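>>> Build me a model from this:
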Amino acid sequence: MDALPLVALVAASAAVAGLARRTPVPPPLLLVVLGLAGSYLPGVPAYTLDAHIVLPLLLPPLLYTAAVDSSYLDLRANIRPVALLSVGYVLFATVAVGWLAYRLVPDLPLTAALVLGAVIAPPDAVTAAAIARRVGLPARVTTILQGESLVNDATAITAYKVALAAAVGEGMSWGGGIGEFLLASVGGVGVGLVLMVPLHWLRTHLKEPLLQNTLSLLIPFVAYAAAERVHASGVLAVVVVALYLGHRSWQVDFATRLQEAAVWKMVAFILESTVFALIGLQLPFVLKGLGTYAVAEALWYAVAVFLAVVVVRFLWVYPATYVPRLLSKRIREREPETNWTSPLIVGWAGMRGVVSLAIAFSIPLAASDGEAFPARNLVLFLTFTTVIGTLVVQGLTLPVLVRVLKLPGRDLQAETLAEAQAQSEASTAAEARLEELLTDRRNCLPQPLTDRLRTVLERRRNAVWERLGAANPVTGESADDTYRRLAGEMIEAEREVFVRLRDERRIDDEMMRTLLRRLDLEEAAAYREESDG
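Coordinates of the predicted model:
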């Protein structure tokens with residue numbers, strides 16, 4: 001098997017995603033558009049999405065990274081809107097869009113139309129997280145969108161299986177469909193609950209960071225495979241495990257957390273970039289499969305289905321936002337007041353993604369009686385155009401909509417103040433603990449080292465407050481920025497000396513690497529990790 005096309009795809013996707021970070025265009029959108037253009041360039045091989053690869057191999061790590069960085073407490077506080085979107089909306093969209101497609105497309109069976117509805121019902125977890133990070137949505141809106149996208153794939157995959165069984169002649173009653181849904185949902189959550197505690201125990205008891213990070217990379221695949229083995233939802237199993245491990249990540253040692261954060265950031269970057277490029281590269285394959293349908297006719301159906309997807313989401317979002325508040329005084333008292341702009345953003349942020357395409361590609365070529373699946377190629381085409389339409393139209397206009405509506409974004413001043421207060425309380429506790437330890441003769445230290453401990457502690461206490469203070473009138477830097485710059489210059493001077501001594505053969509390479517690692521740790525302590533933005 002020639003691995004060069006795969007390596008070229010990953011390298012090109014990563015390069016485009018890296019360049020996109022220097023532009024106002026979100027990387028997913030640029031990757032999709034360039035994938036569309038690149039699919040017709042001479043020499044570009046045919047990349048076809050395989051559901052047997054995407055669902056068990058790409059979806060688990062993407063879900064895991066999104067879920068482990070989510071807030072369990074925020075999701076629990078917003079469980080009602082998240083459930084209404086991830087379960088209620090997906091089922092509503094499956095039926096509504098499916099029925100509209102059935103009425104729109106001549107000779108399209110209702111069962112095949114419902115398959116289409118289930119395939120394009122769920123907004124994409126990766127897309128929601130990627131777009132939300134770039135446009136600066138309010139915290140509650142971001143939590144709701146991320147929570148929805150973590151769970152809705154499980155609902156859509158189950159609805160797809162039920163509709164597919166009816167479409168291919170295997171038969172599926174309403175009772176059987178409900179049973180299938182309950183088995184998938186309850187079973188997936190159950191598998192996650194069973195796995196999360198022993199997996200966390202392993203993470204906290206393995207003492208070697210490399211082994212801990214190897215386990216971390218295996219966790220999403222283990223959870224997904226275990227759930228699918230018992231015909232439960234692998235999606236829900238991964239999400240439950242990831243939320244639990246993310247909530248208790250503080251119990252893992254610092255070396256593991258540092259390595260794990262770097263490893264998963266790289267994995268997520270590569271997978272997200274490749275997935276969005278793959279979406280665009282499907283165009284030739286989808287068009288070639290249209291068969292008896294004329295392109296103009298199929299495009300008319302595509303526009304109609306895209307509009308139906310957009311309208312149906314608003315038909316669900318606004319009632320789901322206001323009706324519970326009208327019916328329940330407790331909800332009105334507990335939840336913040338919601339104006340019309342937040343539901344508008346939630347409704348417009350329904351971008352579809354790779355999961356919809358992967359499910360569509362998994363539709364069998366033939367039914368149980370040997371006949372071709374009705375309108376399979378059209379369903380695949382309409383799924384592709386809906387994914388592209390939502391990514392490009394909604395993805396490009398969402399930042400503009402957020403700016404026009406002037407939604408209150410994150411209050412950076414308030415967040416910095418809260419961070420400073422938290423650090424002050426923690427530093428006070430650390431100072432008290434230090435004084436307590438120093439009273440024990442076993443902890444006796446020379447005065448310079450004792451002073452150094454207090455200096456480092458004071459430095460941490462003041463660093464956040466300094467970000468609230470005035471900037472340097474000459475450089476525009478805060479005192480914290482100046483400190484980090486000077487520390488970096490000093491470390492770089494030491495680093496150059498170590499390299500020179502190695503080149504002069506006064507120290508060997510092993511000693512140089514040991515000394516440089518110490519400097520790297522000092523630099524990591526001096527510099528805060530920059531946000532992706």
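>>> all contacts plus neighbour counts: C-alpha atoms, from now on.
OK.
>>> Okay, the residue positioned nearest the centre of the chain and Ala156: tell me how far apart.
Computing the C-alpha centroid of the chain and ranking residues by CA atoms, centre = their mean puts Ala66 first, at 3.4 Å. For Ala66, the distance to Ala156 equals 18 Å [CA to CA, to the nearest Å].
>>> do Ser13 as well
From Ser13 to Ala156 the distance is 28 Å (CA to CA).
>>> Do you know the pLDDT at the residue nearest to the centre of the chain?
In this model, Ala66 is scored at 86, pLDDT.
>>> Ok, Glu523 next?
On pLDDT, Glu523 comes in at 76.
>>> okay, now it: neighbour count?
Counted with other CA atoms under 10 Å, residues neighbouring Glu523 total 17.
>>> ok so, going back, what is the helix or strand harbouring the residue nearest to the centre of the chain packed up against?
Ala66 is part of helix 59-68, with elements assigned from DSSP states H and E. Using 3 or more CA pairs under 8 Å, 6 or more residues apart in numbering; DSSP states H and E as the contact test, the elements touching helix 59-68 are helix 125-135, helix 139-167, helix 209-229, helix 234-247, helix 254-281.
>>> now with 7 Å?
Applying 3 or more CA pairs under 7 Å, 6 or more residues apart in numbering; DSSP states H and E, one finds that helix 59-68 contacts helix 209-229, helix 234-247, helix 254-281.
>>> which ones are touching Asp50?
Asp50 sits next to Ala358, Phe361 when contact means CA atoms under 7 Å, 6 or more residues apart in numbering.
>>> roughly how far apart are Asn78 and Thr143?
8 Å.
>>> same deal with Phe276?
23 Å.
>>> Just want to know which of the two has more residues nearby.
Just comparing Phe276 and Thr143: by other CA under 10 Å the higher neighbour count belongs to Phe276, 26 against 22.
>>> Next, the buried residues of the helix or strand harbouring His200.
Following DSSP H and E, one finds His200 within helix 174-205. Buried residues in helix 174-205, counting neighbours by 16 or more other CA atoms under 10 Å, are found at 177, 180-181, 183-185, 187-192, 195-196, 199-200, 203-204.
>>> And stretch 216-224, by the same measure?
Going by 16+ other CA under 10 Å, stretch 216-224 has these buried residues: Ser216, Leu217, Ile219, Pro220, Phe221, Val222, Ala223, Tyr224.
>>> Residues in contact with it: which ones?
Contacts of stretch 216-224 (CA under 7 Å, 6+ apart): Pro60, Pro61, Tyr64, Gly192, Gly234, Val235, Ala237, Val238.
>>> I'd like to know which elements the helix holding His200 is packed against.
helix 139-167, helix 209-229, helix 234-247.
>>> Specify the angle between that helix and helix 209-229 in degrees.
170 degrees (axes from the mean of the first three to the mean of the last three CA atoms, to 10 degrees).
>>> tell me the mean pLDDT over helix 174-205?
88.
>>> between it and helix 139-167, what angle do the directions make?
Using the same axes, to 10 degrees: helix 174-205 against helix 139-167 is 130 degrees.
>>> How many residues are close by Val241?
Counted by other CA under 10 Å, the residues lying close to Val241 total 28.
>>> Quick one: residues contacting it.
Taking CA under 7 Å, 6+ apart as the test, what Val241 contacts is Gly192, Leu195, Met196.
>>> Just the closest of those to Leu501, please.
The nearest member of the contacts of Val241 to Leu501, counting by CA to CA, is Met196 at 49.9 Å.
>>> gap between the closest one and Arg433?
33 Å.
>>> Ignoring the adjacent residues along the chain, who's closest to Ser39?
Leaving aside its sequence neighbours, Ser39 sits nearest to Leu281 (CA to CA, 6 or more residues apart in numbering; 4.9 Å).
>>> Who are the contact partners of that neighbour?
Contact analysis of Leu281 by CA under 7 Å, 6+ apart lists Gly35, Leu36, Gly38, Ser39, Tyr47.
>>> The second one against Leu283, yeah?
Going back to what we said before, that points to Leu36. Yes: when contacts are counted by CA atoms under 7 Å, Leu36 is listed as touching Leu283 (6.4 Å).
>>> the more surrounded of those two?
Between Leu36 and Leu283, counted using other CA under 10 Å, Leu283 has the larger neighbour count: 23 against 20.
>>> Tell me who's in contact with Asp153.
Asp153 is in contact with Pro122, Val235, counting by CA under 7 Å, 6+ apart.
>>> returning to that earlier point: what would the helices and strands packed on helix 174-205 look like in a markdown table with distance to Leu110 and mean pLDDT?
Listed next are those as a markdown table, based on distance: least, CA to CA, whole Å; pLDDT from 0 to 100:
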| stretch | distance to Leu110 | mean pLDDT |
| --- | --- | --- |
| helix 139-167 | 8 | 86 |
| helix 209-229 | 28 | 92 |
| helix 234-247 | 27 | 93 |
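>>> Nearest to Met511, out of those helices?
Closest among the helices and strands packed on helix 174-205, using CA to CA: helix 209-229, at 22.4 Å.
>>> quick one: that closest one to helix 59-68, angle?
110 degrees.
>>> what are the C-alpha coordinates of helix 209-229, in CSV please?
Taking Å, rounded to 0.1, in the frame of the first residue of the first chain, the C-alpha atoms of helix 209-229 are listed here in CSV:
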residue,chain,number,x,y,z
PRO,A,209,4.5,9.6,32.1
LEU,A,210,5.1,7.7,28.9
LEU,A,211,2.9,4.9,30.0
GLN,A,212,0.3,7.3,31.3
ASN,A,213,0.2,9.1,27.9
THR,A,214,0.1,5.8,26.0
LEU,A,215,-3.0,4.9,28.1
SER,A,216,-4.4,8.4,27.4
LEU,A,217,-4.2,7.8,23.7
LEU,A,218,-5.9,4.4,24.0
ILE,A,219,-8.8,5.5,26.2
PRO,A,220,-11.1,6.9,23.5
PHE,A,221,-10.7,3.8,21.4
VAL,A,222,-11.2,1.4,24.3
ALA,A,223,-14.4,3.2,25.4
TYR,A,224,-15.8,3.3,21.9
ALA,A,225,-15.0,-0.3,21.0
ALA,A,226,-16.3,-1.6,24.3
ALA,A,227,-19.6,0.1,23.9
GLU,A,228,-20.0,-0.9,20.2
ARG,A,229,-19.2,-4.5,21.2
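>>> roughly how far is it from the heart of the chain?
17 Å (CA atoms, centre = their mean, to the nearest Å).
>>> Need the pLDDT of the most far-flung residue of the chain relative to its centre.
Most distant residue from the mean C-alpha position of the chain: Arg441, 50.5 Å away (CA atoms, centre = their mean). Listed pLDDT for Arg441 reads 79.
>>> again with Arg133
The model reports Arg133 with a pLDDT of 63.
>>> Over to Arg517?
pLDDT, Arg517: 85.
>>> Please name the residues that touch it.
Per CA under 7 Å, 6+ apart, neighbours of Arg517: none.
>>> how near is it to Met511?
Relative to Met511, and taking CA to CA, Arg517 is found at 10 Å.
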